[in-house]
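Colleague: sequence and predicted structure, then a few things I'm wondering about:
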Amino acid sequence: MVATSTRSPEKPDVLVEVEGLQTYFLTRGEPMRAVDGVSFKLHSGEVLGIVGESGSGKTITGHSILGLVEPPGRVVGGSIRFRGRDLLALSDEELRQLRGDAMAAVFQDPMMTLNPVLRIDTQIMEAIWSHHRVSKVEARRRAVDVLRLVGIPSPEKRASAYPHELSGGMRQRVVIAIALVNSPALIIADEPTTALDVTIQSQIIYEMRKLCREKGTAMIWITHDLSVVASLADRICVMYAGEIVEEGDTEKVLGQPAHHYTRGLIASIPSGSQPGEQLPQIKGMITRYPAADQGCRFRDRCPAKTDLCDTRPPDVRVSDSHSAKCHHPAHASAALAQESVS
Ligand SMILES: Nc1ncnc2c1ncn2[C@@H]1O[C@H](COP(=O)(O)OP(=O)(O)OP(=O)(O)O)[C@@H](O)[C@H]1O
Ligand SMILES: [Mg+2]
């Protein structure tokens with residue numbers, strides 16, 4: 001199915017539903033609230049970009065869905081549903097069965113996924129066999145097919161290579177091939193192209209988007225780089241200090257950013273500046289307020305801060321499919337600014 005940005009959240013093809021997710025690191029002292037009340041829906045075939053500065057909770061959100069949060073981290077609140085199934089109620093074995101089959105992950109470092117001492121074809125075939133019983137001939141055929149699909153030239157020949165014999169870009173394509181080989185309904189891609197040069201990055205982004213469109217695969221693309229999701233995502237969630245502070249269709253979030261944090265991120269995208277000109281950066285770093293603090297978490301860095309910002313920011317509906325958690329959103333009309341999203 002082809003995603004459109006006008007789909008209604010009530011449509012029945014909600015694939016992932018995250019509600020009030022809280023994932024904390026329970027170390028000595030006050031818990032580190034890495035993810036704190038995150039909610040979003042993802043529909044089949046849709047690409048959702050999760051963006052935010054380092055430490056905003058993007059990876060831990062992805063890991064929570066994949067069941068990969070390790071102690072002292074723990075999901076302490078909220079729910080995650082995948083095709084209606086409560087993922088937090090599944091056993092480790094049930095989660096393992098889902099991972100690599102119905103949902104797959106691509107991480108920044110391909111060597112986190114690849115085994116350096118095994119041939120590429122062996123690794124792809126093992127990924128198939130951990131979920132499906134097929135013959136060796138069939139598994140090898142599928143391995144070569146999926147390598148071709150992700151744009152690896154001479155896939156029959158390359159299939160016999162070891163990871164170190166491939167370039168970084170080719171290795172990441174192999175990881176994407178492994179993610180795709182069992183036709184997942186969901187791919188969670190966490191900064192998968194950040195380590196690659198810009199040309200390879202845009203090729204891979206273009207191809208991933210095309211594959212998702214063709215196969216109806218939904219994708220969560222995690223990045224600190226707004227310009228990456230601009231060309232890729234149907235919708236964007238902007239994360240700050242464990243919360244989603246703005247969410248909406250890509251063109252709305254980028255065209256009419258309402259949260260001052262999003263505006264700061266957009267202002268620091270290089271394409272808007274003249275060569276040699278210094279880019280504006282958001283001043284300061286993420287402040288970790290105590291749990292009892294109700295105020296906006298961005299307030300000490302925000303150019304629009306008032307005393308009101310020491311109180312809980314409302315979820316303001318900026319337009320139909322666009323909302324921001326802010327007392328003073330830009331671009332929200334006066335009437336709409338009064339209206340909180342329930
Ligand atoms: N193992 C851990 N122990 C304690 N705190 C952790 C651990 N892993 C992550 N955190 C904390 O959780 C917060 C969110 O981390 P997360 O990795 O999700 O950030 P991120 O948005 O993915 O950042 P980046 O862009 O750097 O990848 C961070 O502030 C981090 O300090
Ligand atoms: Mg991360």
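Modeller: That came through, no problem. Ligands and ions are numbered 1, 2, ... in the order given.
Colleague: tell me the mean pLDDT for whatever helix or strand Glu138 lives in?
Modeller: Element membership for Glu138, per DSSP states H and E: helix 136-149. On average, the pLDDT along helix 136-149 is 95.
Colleague: how far does it sit from the chain's center?
Modeller: 28 Å (Cα atoms, centre = their mean, to the nearest Å).
Colleague: contacts for it next, please.
Modeller: 120-121, 124-125, 128-129, 134, 155-156, 158-159, 173-174, 177, 180-181, 211 (Cβ atoms under 8 Å, 6 or more residues apart in numbering). C-betas here are computed from N, CA, C, even on glycine.
Colleague: how about stretch 21-35?
Modeller: Residues contacting stretch 21-35 (Cβ under 8 Å, 6+ apart): 36-39, 57, 60-61, 63-64, 69, 72-80, 242, 288, 290-291.
Colleague: mind doing that once more with 7 Å?
Modeller: Stretch 21-35 is contacted by residues 36-38, 57, 60-61, 64, 69, 72-78, 80, 242, 290-291 when judged by Cβ atoms under 7 Å, 6 or more residues apart in numbering.
Colleague: just the buried residues of these.
Modeller: Taking 16 or more other Cβ atoms under 10 Å as the criterion, what is buried in those is Asp36, Val38, Gly57, Ile60, Thr61, Ser64, Val69, Gly73, Val75, Gly78, Ile80, Gly242.
Colleague: chain neighbours aside, what residue packs nearest to Ala159?
Modeller: Of all residues not flanking Ala159 in the chain, Asp121 sits nearest, at 3.9 Å (Cβ to Cβ, 6 or more residues apart in numbering).
Colleague: which SSE is the one you found in?
Modeller: With DSSP H and E as criterion, Asp121 is part of helix 120-129.
Colleague: is it fair to say Tyr24 lies in a helix?
Modeller: No. Per DSSP: H, G, I helix; E, B strand; the rest coil, Tyr24 lies outside any helix segment and is strand.
Colleague: hey, what's it bridged with?
Modeller: On the basis of DSSP bridges, Tyr24 is bridged to Arg33, Arg74.
Colleague: roughly how far apart are it and ligand 1?
Modeller: 9 Å (Cβ to the nearest ligand atom, to the nearest Å).
Colleague: again with Arg140
Modeller: Arg140 is 36 Å from ligand 1, by Cβ to the nearest ligand atom.
Colleague: quick check: Ile80 touching Val18?
Modeller: Yes. Taking Cβ atoms under 7 Å as the definition, Ile80 is a contact partner of Val18 at 5.3 Å.
Colleague: ok, so what distance separates Leu265 from Ile282?
Modeller: Relative to Ile282, Leu265 is positioned 7 Å away (Cβ to Cβ, to the nearest Å).
Colleague: what are the buried residues along stretch 124-139?
Modeller: Applying 16+ other Cβ under 10 Å to stretch 124-139 flags Ile124, Met125, Ala127, Ile128, His131, Ala139 as buried.
Colleague: re earlier: now list the buried members of the contacts of helix 136-149.
Modeller: 120-121, 124-125, 128, 155, 158-159, 173-174, 177, 180-181, 211.
Colleague: is it possible to get CSV of those residues that adds pLDDT?
Modeller: Shown next, in CSV, are these (pLDDT from 0 to 100):
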residue, pLDDT
Ile120, 97
Asp121, 97
Ile124, 97
Met125, 98
Ile128, 97
Pro155, 96
Arg158, 96
Ala159, 97
Arg173, 93
Val174, 96
Ala177, 93
Leu180, 91
Val181, 93
Leu211, 85
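Colleague: also near ligand 1: which of the buried ones among the contacts of stretch 21-35, exactly?
Modeller: Gly57, Ile60, Gly73 (Cβ under 6 Å from any ligand atom).
Colleague: ok, the second one - contacts?
Modeller: Each residue near Ile60 by Cβ under 7 Å, 6+ apart is listed here: Thr23, Ala34, Val35, Val69, Gly73.
Colleague: which residue is the nearest non-sequential neighbour of it?
Modeller: Ile60's closest residue in space is Ala34 (Cβ to Cβ, 6+ apart), at 4.3 Å.
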